[in-house]
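[1] Sequence and predicted structure are below.
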Amino acid sequence: MTEHELKILAVFFNSVIIIIMLVSGLWVGIDARKTGRPLAESIIWGIFAGWMLVIGPIFYYFFKNKFYK
């Protein structure tokens, strides 16, 4: 592979990771809002889930009902 092809591959994988982060954050934020969380808390959950690519959504899924009943 040439250097140019490697740069294209790197840009592609970086784009995929960023898209996954955005979708993850949006999914968790919207789900938090649907379950009755305040807007500020939903935004924080969305930011946390987007920033922590794999850990954030898993943490939210398992602990979303534990903190609030």
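    Looks like it arrived, so ask away.
[2] Could you use CA atoms for every contact and neighbour count after this?
    OK.
[3] what residue ranges in this structure score low on pLDDT?
    For the chain, the stretches with pLDDT under 70 are 66-69.
[4] what are the ranges of the helices in it?
    Along the chain, counting by DSSP state H, helices occupy 3-34, 39-51, 55-63.
[5] would you turn those into a markdown table with mean neighbour count?
    A markdown table is the format used below for the helices of the chain (neighbours: other C-alpha atoms under 10 Å):
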| stretch | mean neighbour count |
| --- | --- |
| helix 3-34 | 15 |
| helix 39-51 | 20 |
| helix 55-63 | 15 |
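[6] What separation do you get for the residue with the largest distance to the centre of the chain and L9?
    Relative to the centre of the chain, the most outlying C-alpha is that of T2, 32.8 Å out, by C-alpha atoms, centre = their mean. Distance, T2 to L9, using C-alpha to C-alpha, to the nearest Å: 11 Å.
[7] One more: L22?
    20 Å.
[8] same deal with Y60?
    Distance of Y60 to L9, given as C-alpha to C-alpha: 32 Å.
[9] Next: I55.
    25 Å.
[10] M21 too?
    18 Å.
[11] now do K34
    When distance is defined by C-alpha to C-alpha, K34 is 37 Å away from L9.
[12] just Y61 next, same as before
    For Y61, the distance to L9 - C-alpha to C-alpha - is 32 Å.
[13] go on, S15?
    In terms of C-alpha to C-alpha, S15 sits 10 Å off from L9.
[14] any common contacting residues for those two?
    Shared contacts of S15 and L9, defined by C-alpha atoms under 8 Å, 6 or more residues apart in numbering, are absent.
[15] Next, work out how far apart G46 and A10 are.
    For G46 relative to A10 (C-alpha to C-alpha), the value is 26 Å.
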